[in-house]
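Engineer: Quick one, structure for this:
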Amino acid sequence: MPDNTYCKGCRENVRMTPDEIDEKYVKPLKLQNKGVVSEEIYRYRLSVCMSCQGLEYKTTCRYCGCLVQIKARLISAKCSFPYQPKW
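Structural biologist: Numbering: from 1, shown residues only. Predicted coordinates:
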């Protein structure tokens with residue numbers, strides 16, 4: 001019987017650690033300083049995401065599939081929590 005607890009995109013070989021996400025995606029965003037929120041807002045958003053029941057693998061939002069360490073950085077981003085965004 002197949003293991004249906006994970007989606008196809010969430011196999012071990014595609015998961016990233018928070019440090020890998022920071023190095024590959026977040027640092028370039030910060031260097032470009034284009035469309036990113038302040039460090040204070042980022043930390044608030046990320047703390048909300050880290051305490052959300054929709055967080056998978058400490059990196060991925062169950063509701064939209066985004067890597068929260070990236071999404072929380074973007075000015076234009078909105079929380080994807082159903083019916084009532086948390087930030």
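
Engineer: make it CA atoms for all contacts and neighbour counts henceforth
Structural biologist: Fine.

Engineer: OK, contacts around the residue nearest to the spatial centre of the chain?
Structural biologist: With distances taken as C-alpha atoms, centre = their mean, Val68 lies nearest the centre of the chain, 1.0 Å away. Going by C-alpha atoms under 8 Å, 6 or more residues apart in numbering, Val68 touches 46, 49, 59-61.

Engineer: Same list, those residues, but as a markdown table with neighbour count please.
Structural biologist: Formatted as a markdown table, those follow (neighbours: other C-alpha atoms under 10 Å):
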| residue | neighbour count |
| --- | --- |
| Leu46 | 20 |
| Cys49 | 23 |
| Thr59 | 21 |
| Thr60 | 22 |
| Cys61 | 23 |
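
Engineer: So which of those residues sit within helices?
Structural biologist: 46, 49 (DSSP state H).

Engineer: Between the contacts of Val68, which sits nearest Ala72?
Structural biologist: Set against Ala72, the nearest of these by C-alpha to C-alpha is Leu46 (6.0 Å).
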